[in-house]
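Dropping a prediction and its sequence here:
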Amino acid sequence: MSARRWNSQLGARFEHAREALGVQPGASASEIKAAYRRMIARFPPDRDAERFGAIRAAYELLADPIDAAEHLLVTPIPFVDPFEFPEIPKLGALTRRVLEDAIGRLPAELIGGFDDE
């Protein structure tokens, strides 16, 4: 992953975290903590576990951004086979066949191109 893309994704995570807690960019640690407490009082885990989890994750990210950024940096990115599309299995198989056919013909086309000159 390029540094620009990683920075963009990290920035989006921080923006999402600020929105989840309702704080502005540059909020102080005490403002973040107060917003976190307000949000967990409003959305306790027994009423909305999913929302509570998002609020907690947002707080952890904003409370210690250096630690959070380091964690995000070393979190492994899962390998995704570019030829596999679980949502569209026929497209994945077609893409594989088309590319394998094109790659299989490539050397012959290159050699043929030099012989014509």
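Arrived safely, thanks for sending. Residues are numbered from 1 along each chain as shown.

ok, and for stretch 55-67, which residues are buried?
Residues of stretch 55-67 classed as buried by neighbour count (16 or more other C-beta atoms under 10 Å): 55, 58, 59, 61, 62. From N, CA and C alone the C-beta is placed, and that goes for glycine too.

Test my guess that the third one contacts residue 34.
Going back to what we said before, that points to residue 59. No. Counting by C-beta atoms under 8 Å, residue 59 stays clear of residue 34, with 10.9 Å between them.

Let's test this: mean pLDDT of stretch 43-53, rounded?
For stretch 43-53, mean pLDDT is 88.

List of residues touching it?
Applying C-beta atoms under 8 Å, 6 or more residues apart in numbering, the external contacts of stretch 43-53 come out as 40, 55.

Mind listing what's buried along that stretch?
For stretch 43-53, burial by neighbour count (16+ other C-beta under 10 Å) applies to 43, 51, 52.
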